[in-house]
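In: Just a sequence and a predicted model for now, questions to come.
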Amino acid sequence: MLKHIKVRPTKNEIGAIIDTELLNFNEIIIEEIKDALAKFGVLFFKNQKLDSESYIKFAKQFGDLAKYPMLKGLENFPEITVVEKKPNEHIMFGEGWHTDSTYTKNPPRFTMLYSIKTPKKGKGNTLFASQYKSYETLDNSIKKKIQNLKVVFSADGPISKTRQHLIKKGGTGIDPKSLKAIHNIVKENERNKKKSIYLSPGHAIRICDLDDIQSRSLMDLLINHQTKEEFIYSFEWEPNCLAIWSNYSMLHNPVNDFNAHRLMHRITIQ
Ligand SMILES: [Fe+2]
């Protein structure tokens, strides 16, 4: 029972809007936020005034902060990655369905995104696809088949083209081809034991222990299923919103449908 925060589930209960003032968090509020996050997979907090210091302080309540391997962070705050699209730019960082940094050995469990500048309401939304729901609705035979399967993830996967322009400006020099990792397809939430599909279409290269044709056809089947309309919630940004999601239970996809300045600060958490 959550007593200190107000939780308003979104459409289809894919995510929830939380009414609380993040600047004044305490241990009880953090525990309730963690419970809600485990239940819904993504949470949204509106009208939050967070400077970089208070943002980092809040993020640290969820675990150790990760550094994004391929881009330099914000000056004086290296844990913050600037996610920005200017009006004259066409490519948007992270466009396409994915979950963050799956090609690392210990991929971040959570991502936070704080909006500073946003296009007009309804443009530049972020889509979230619940992988709790996609797992729940799989045929039992597929659930059985994937239970112990693993996937190879690469930073040089399909989504890599959305960061090439940023690497030219502020890259760390790490070659995306050198970043690869293998993880289980099925994840289990440590708080509530709910299972989810962990397969990032932007980074997945192949399924281990299957031949090329079997691997491709199972990946296609899963990816088509993961992003069905009924599992998706589209969040409309406005300035000063914070979204937190579990990378183990959500896919996300920012919609590149605007010509305006969109500026976000991202933190990922191990
Ligand atoms: Fe992302």
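Out: It's in.

In: Hmm, residue 117 is touching residue 261, no?
Out: Yes: contact criterion Cβ atoms under 8 Å: residue 117 and residue 261 qualify, at 4.9 Å. For every residue, glycine as well, the C-beta is placed using N, CA and C.

In: May I have stretch 196-206 as PDB, with CA atoms only?
Out: Taking Å, rounded to 0.1, in the frame of the first residue of the first chain, the C-alpha atoms of stretch 196-206 are listed here in PDB:
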ATOM      1  CA  SER A 196       9.700  -9.600 -18.900                       C
ATOM      2  CA  ILE A 197      11.300  -9.900 -22.400                       C
ATOM      3  CA  TYR A 198      14.800  -8.400 -22.500                       C
ATOM      4  CA  LEU A 199      15.500  -8.000 -26.200                       C
ATOM      5  CA  SER A 200      16.500  -4.600 -27.600                       C
ATOM      6  CA  PRO A 201      15.700  -4.400 -31.300                       C
ATOM      7  CA  GLY A 202      18.300  -1.600 -31.700                       C
ATOM      8  CA  HIS A 203      21.200  -3.800 -30.400                       C
ATOM      9  CA  ALA A 204      20.200  -7.500 -30.700                       C
ATOM     10  CA  ILE A 205      22.400  -9.300 -33.300                       C
ATOM     11  CA  ARG A 206      21.600 -13.000 -32.800                       C
END
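
In: Show me where the stretch 101-250 of the chain has its helices.
Out: Assigned by DSSP state H, counting those that start in this stretch, the stretch 101-250 of the chain shows helices spanning 131-136, 140-146, 164-170, 212-226.

In: Give me the neighbour count for whichever residue of the stretch 1-150 of the chain sits closest to the ion.
Out: Ranked by Cβ to the ion, the top residue of the stretch 1-150 of the chain for proximity to the ion is residue 94, at 4.0 Å. Using other Cβ atoms under 10 Å, residue 94 has 19 neighbouring residues.

In: quick one: the strands in the stretch 51-200 of the chain?
Out: Secondary structure of the stretch 51-200 of the chain (DSSP state E, counting those that start in this stretch): strands at 65-66, 81-85, 110-117, 126-130, 150-154, 180-184, 186-188, 195-197.

In: Report the mean confidence score over the longest one.
Out: In this case it means strand 110-117. When pLDDT is averaged over strand 110-117, the result is 97.

In: Then stretch 178-190?
Out: pLDDT averaged over stretch 178-190 gives 93.

In: Which helix or strand in the protein has the lowest average pLDDT?
Out: helix 164-170 (a mean of 62; mean pLDDT, DSSP states H and E).

In: Output the below-cut-off pLDDT ranges for the stretch 151-270 of the chain.
Out: 157-158, 160-176 (pLDDT under 70).
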